[in-house]
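>>> structure here, sequence nowhere to be found:
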C-alpha cells in the first residue's frame, strides 16, 4: 500500500463529505431558469469526489491485501529525492514564505524582500557573504523600481 | 478574412508589438534553457508584466515566450543530456552525442533552424484550421459547449497523470476551486468561508502560478545542479545548407507530427516529439546513425516541439479550450483583461486572434535571429547556481501575485497552491488537470445548468445534439487513451534505449 496515496484518498473523501454537507445550505429551490437548484452542481462535484476517493482507497486496500498474500515488500510512493533533509529544506522555504507574507505590509517591500533573499540563500547553503548581500539588495531594489516605477504597482513601503 | 489578417498585421508590426515579441522570445530562450524552468513556467513568470498591456500585445508576448521556450529547452538537452522540458527528451538521443563529439554548433543550429521551420508550418496550419473551426463553433450552444469541455478535461485528466482516478480527482478539484464565489445563476455566495477576498471567486493566475511555477521552484531548490561548467568550450559553428537539406524528411515528419499532437488536448509535445523521432528513424536512409549523433535525430523532435505550439493554439483560439498548461495560462492572462477566449473573439475582438497569428509568425523569425545572437549568454545564464536563480524567481513570483490586486492575500494563494502543487506532484496527482478544471469550471457549470434549463431539467438534451453526443462518447473513450499512449511510448522508448 502506498501510504501517501492512502492518506490522500481519505482526504479526498473527507473533502467530498464536507462539501456535500456544506452545500445543503445553498438552497434546494428549483426555478424555471435553474430546474436543479443551486445546490445540485456543488453536490455533483462533492459526490464525484466521494466516489473517486473511495475507488482510490479500495485500490490501495486491495493492493495491500495482494501484497500481504504474496509477502511482497511494501513499496514507497514518495520519489527518492524526497529525503528527510530535502523535506526540511522545502518546509523551511515554505515557512519563510509565510513569514514574508506576514511582514510585507508592515516593513515594506524592499526590506522584507532583502531579508527574504538573505534567509533563502542561507537555507540553500550559500555562504559567500558578498554574493548574498549583492543578490538580496540588487534583486529587491530592481524589482521595486520595475514594479512600482514602470508598472505602477502600489507596493508596500516602510514609511 | 483578408481584412482581418490585414488588421492583425497592422497590430503585429507596430513597434510596441515587435518590442514585446523580442522580449518574449529572448526570455523564452533563456528561461527554457534553465533546467527546471519549463515553457509554462517561463510564460507564467512573464505574466505580471502583461497586466497593464493591451490584451493583443500581452498575448503576443506570451506566445513569443511559448514558442521560444521550446527551442531554449533543447539547449540543456544538447549540452548536458538533461532536457529542459519533457518534450525535449527525444532531442537528447542525438543532440548530446553531437555535443560530445564537438559538433555542438551543428546540433544547436539544427535545433534552431529546423525548430523555426516546424513552428512556421504549425502557424500556417493554425490559421487554416482555427478560422473555419471558430465559425463552426459559433453555432454551438450550451449542450455542445458542455460536452466539449468535459471531453477536454477528461483527456487531460487521463493522459497527464499516471492513474486515471488520480487524474479525475485532480480535474474535479479544479472544478471545485472554480465553484468558489458567486453562484452564476442565483448570485448566492458559495464556499467563501466568510472571506471577502473569495466573494468573487479565486483569481485564476495566482493558483496557476502556484501549482506550476512555485511547486517546481521547491523541487529546483533540492535538486543537485549538474555539470556547472557546461558553458565552456561550446562551438557555435552552425550546420551547412547541405546538412540542413539532408534532414528534410525528418523535418517534415516532425512538423506534421508536432502540429497533429499539439491539436489534441493533453497530448502535446512529449508524445509528438517521440513519435517524430521514431518515424524519422523508420523513414531515414541512415538509420544506423540514429542515437550516435544524427542531425535527422535532432531535426525530427525539434521540428515537432516547435510545431506543437501552433497546433495547441487551434483549440484555444477556435473553441476556447486549452489543451496544455501554457495555453491555460494564456486564458488566465486574457481573463485579467476581462476577455474570454473562444470563437466569439473572432467576431467581437478580431484584432486579438489575427494579430496573434501574425505575431506568432514574427516570433518564429525573431527566434531565428535572437536564438543565434544570444546562444552564448543564454547558456551562461542557464548555468546560474540555484540559490541565486531562486532568489530572483521567488520574489518575482510574489511581487507578480501581489500586483494582481495589490494585496498580500494573492501572495498567500500562490504559496498555498505551490504547496498543494508540490504534494500533488509527489503523490502522482495531476496539477495540469486541476488547472484545466479551474479554467473551464465556470464554463462547464454555466453551460451544464443552461442546457438543463433549456430542456426543463431533461438530461436527454446532452445526447439529442449529435455534436454533444460525439464529444461525450469521445470523453468516455478518452479514458482508454492512457493505455494506448503508454503502449506507444514504451514501444518507442524500447526501440531507442
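Here it is on my side, so go on. This structure is a prediction, so every number in the text was calculated from the model and none was measured.
>>> okay, residue B:46 and residue B:152: tell me how far apart.
For residue B:46, the distance to residue B:152 equals 25 Å [Cβ to Cβ, to the nearest Å]. All C-beta atoms are positioned from the backbone trio N, CA, C, and that covers glycine.
>>> these two: which has the busier surroundings?
The neighbour comparison of residue B:46 against residue B:152 (other Cβ atoms under 10 Å in any protein chain shown) goes to residue B:152, with 28 against 25.
>>> report pLDDT for the more buried one.
pLDDT recorded at residue B:152 is 85.
>>> what do you get for residue B:161?
For residue B:161, pLDDT reads 69.
>>> same question for residue B:232.
At residue B:232, the pLDDT recorded in the model is 59.
>>> any weak-confidence spans in the stretch 251-400 of chain B?
Across the stretch 251-400 of chain B, the ranges flagged by pLDDT under 70 are B:266-269.
>>> and the residue of it nearest chain A?
residue B:387 (4.0 Å; Cβ to the nearest Cβ).
>>> so what does the helix or strand hosting that residue touch, helix or strand wise?
Using DSSP states H and E, residue B:387 sits in helix B:386-405. Contact here means 3 or more Cβ pairs under 8 Å, 6 or more residues apart in numbering or on different chains; DSSP states H and E; on that basis helix B:386-405 packs against helix A:84-107, helix A:109-123, helix A:129-144, helix B:39-46, helix B:204-209, helix B:215-222, helix B:408-426.
>>> for the ones you listed, which one sits closest to residue B:376?
Of all the helices and strands packed on helix B:386-405, it is helix B:39-46 that lies closest to residue B:376, at 19.3 Å by Cβ to Cβ.
>>> give me the distance from the following helix or strand past that closest one to the chain's centre.
On the C-terminal side of helix B:39-46, the nearest following helix or strand under DSSP H and E is helix B:55-72. Taking Cα atoms, centre = their mean, to the nearest Å, one finds helix B:55-72 lying 10 Å from the centre of the chain it belongs to.
>>> helix B:55-72 to helix B:39-46, inter-axis angle?
On the basis of axes from the mean of the first three to the mean of the last three Cα atoms, to 10 degrees, helix B:55-72 is oriented at 140 degrees to helix B:39-46.
>>> against which helices or strands is helix B:55-72 packed?
helix B:15-33, helix B:39-46, helix B:104-137, helix B:295-319, helix B:325-336, helix B:351-373.
>>> flag the shaky bits of chain A, pLDDT-wise.
Along chain A, segments meeting pLDDT under 70 span A:1, A:27-33, A:71-77.
>>> and the spatially most central residue of it, what does it touch?
Geometric centre of chain A, nearest residue: residue A:94, 9.3 Å, by Cα atoms, centre = their mean. Counting by Cβ atoms under 8 Å, 6 or more residues apart in numbering or on different chains, residue A:94 touches B:218, B:415, B:418-419.
>>> most neighbours of all the residues you listed, which one?
So for those (other Cβ under 10 Å), the most neighbours sit at residue B:418, 27 neighbours.
>>> pretty sure that one is touching residue B:221, no?
No - Residue B:418 lies out of contact with residue B:221 (Cβ atoms under 8 Å); the separation is 11.4 Å.
>>> and the lengthiest helix in chain A, does that touch chain B?
Looking across chain A with DSSP state H, the single longest helix is helix A:40-70. Yes - using Cβ under 8 Å from any Cβ of the partner chain, helix A:40-70 reaches chain B at A:41-42, A:45-46, A:48-49, A:52-53, A:55-56, A:59.
>>> how many residues are close by the nearest residue to residue B:107 once chain neighbours are set aside?
Excluding the flanking residues, the one nearest residue B:107 by Cβ to Cβ, 6 or more residues apart in numbering or on different chains is residue B:98, at 3.9 Å. Residue B:98 is flanked by 24 other residues according to other Cβ under 10 Å.
>>> check what pLDDT residue B:98 gets.
90.
>>> what separates it from chain A, distance-wise?
Going from residue B:98 to chain A by Cβ to the nearest Cβ, to the nearest Å gives 29 Å.
>>> so, low pLDDT: which residues of the stretch 1-150 of chain B?
For the stretch 1-150 of chain B, the stretches with pLDDT under 70 are B:84.
>>> dump the residue contacts of the residue nearest to residue B:107.
B:78, B:104, B:106-107, B:293, B:295, B:298.
>>> just checking, residue B:265 is part of a helix?
No - the assignment for residue B:265, made by DSSP: H, G, I helix; E, B strand; the rest coil, is coil rather than a helix.
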